[in-house]
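Colleague: Have a look at this fold, sequence not included:
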């Protein structure tokens, strides 16, 4: 584990009335202790988890449109508004790693083609693979030891079976190659990774929760066990 602490430099902020400082969890943030090699950020859309993950990537000098330190290309609106206002504490400091934005992965794949880098991803252009295959090619061929990986909704392109494959990749990289992961996700499968820390951004604060406490687990479990009643109640609300 490398990244140990994230602090908001509140003294630098002139006003908490504008984005991203108006987001409740950012407005009330002092610091976050990172206590596990695999940490998940969870919460409803708009709660600030992706904003904070992007700021960490910016502070690591990764391309905030997706990529590592050496992936230089431009995508509109990829600049972090929060990166200049956080401080990261490391033990030890690492510079290797990658920031995955599922929503802008297409641009990263184009960048790899433009620099002739397909050979590093299994020998095939990421554009010539399915969305899920291209994600797994990234995880299998680009991710290596002594690095930190910041992933924003990596499940977006992965089927349930491929998510289990990804869990094995995380396991191998953390146990055998000394990697650290911080992952923003909505996936109840990924959240089941053993001994991970889950930080919830819901209810205006960042707090550690158990897997069974998450809506991802509870809602999915209830749906699978009571599918017909769940859907009956859901559709009745529209009538």
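Modeller: Yep, it's here. All values derive from a computational prediction rather than experimental measurement.
Colleague: switch to C-alpha atoms for all contacts and neighbour counts from now on
Modeller: Will do.
Colleague: Where does pLDDT dip in the protein?
Modeller: In the predicted model of the chain, residues 72-79, 237-239 satisfy pLDDT under 70.
Colleague: what are the ranges of the helices in it?
Modeller: 24-27, 49-59, 105-114, 131-137, 160-176, 215-225, 227-236 (DSSP state H).
Colleague: Now do the strands in this protein.
Modeller: Applying DSSP state E to the chain gives strands spanning 3-8, 31-33, 38-42, 86-90, 97-101, 148-152, 180-184, 197-200, 207-209.
Colleague: Excluding chain neighbours, give the residue nearest to residue 87 in space.
Modeller: residue 7 (5.1 Å; Cα to Cα, 6 or more residues apart in numbering).
Colleague: tell me the contacts of the one you found?
Modeller: Each residue near residue 7 by Cα atoms under 8 Å, 6 or more residues apart in numbering is listed here: 29-32, 86-88.
Colleague: and residue 144, how many residues sit next to it?
Modeller: Counted with other Cα atoms under 10 Å, the neighbours of residue 144 add up to 17.
Colleague: tell me the contacts of it?
Modeller: Residue 144 neighbours (Cα under 8 Å, 6+ apart): 173, 177, 179.
Colleague: pretty sure the last one contacts residue 145?
Modeller: Yes. With contact defined as Cα atoms under 8 Å, residue 179 counts as touching residue 145 (5.5 Å).
Colleague: what's the overlap in contacts for those two?
Modeller: Contact criterion Cα under 8 Å, 6+ apart; residues bridging residue 179 and residue 145 by contacting each: residue 173.
Colleague: So which of the two has more stuff around it?
Modeller: For residue 179 and residue 145, the more surrounded residue by other Cα under 10 Å is residue 179, and the numbers stand at 24 against 16.
Colleague: Serialize the helices of the chain to TSV and add fields for distance to residue 123 and mean neighbour count.
Modeller: Below are these laid out as TSV (distance: least, Cα to Cα, whole Å; neighbours: other Cα atoms under 10 Å):
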stretch	distance to residue 123	mean neighbour count
helix 24-27	42	21
helix 49-59	27	23
helix 105-114	11	17
helix 131-137	10	20
helix 160-176	20	16
helix 215-225	36	14
helix 227-236	43	11
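Colleague: Of the ones you listed, which is nearest residue 37?
Modeller: helix 160-176 (6.8 Å; Cα to Cα).
Colleague: Residues contacting that closest one, please?
Modeller: Against helix 160-176 from outside (Cα under 8 Å, 6+ apart): 37, 132, 136, 139-140, 143-145, 155, 179-181, 189-190, 193.
Colleague: Report the inter-axis angle for it versus strand 180-184.
Modeller: 150 degrees (axes from the mean of the first three to the mean of the last three Cα atoms, to 10 degrees).
Colleague: I'd like the distance from helix 160-176 to the chain centre, please.
Modeller: 15 Å (Cα atoms, centre = their mean, to the nearest Å).
Colleague: Please apply the same query to stretch 96-106.
Modeller: So, by Cα atoms, centre = their mean, the centroid of stretch 96-106 is 9 Å from its chain's centroid.
Colleague: From start to finish, how long is that stretch in a straight line?
Modeller: Terminal residues of stretch 96-106 lie 22 Å apart, using Cα to Cα, to the nearest Å.
Colleague: Kindly report the same for stretch 148-164.
Modeller: Stretch 148-164 has an end-to-end distance of 20 Å (Cα to Cα).
Colleague: Would you mind listing the buried residues in that stretch?
Modeller: 148-158, 162-163 (16 or more other Cα atoms under 10 Å).
Colleague: Could you do stretch 205-213 as well?
Modeller: Applying 16+ other Cα under 10 Å to stretch 205-213 flags 205-206, 211 as buried.
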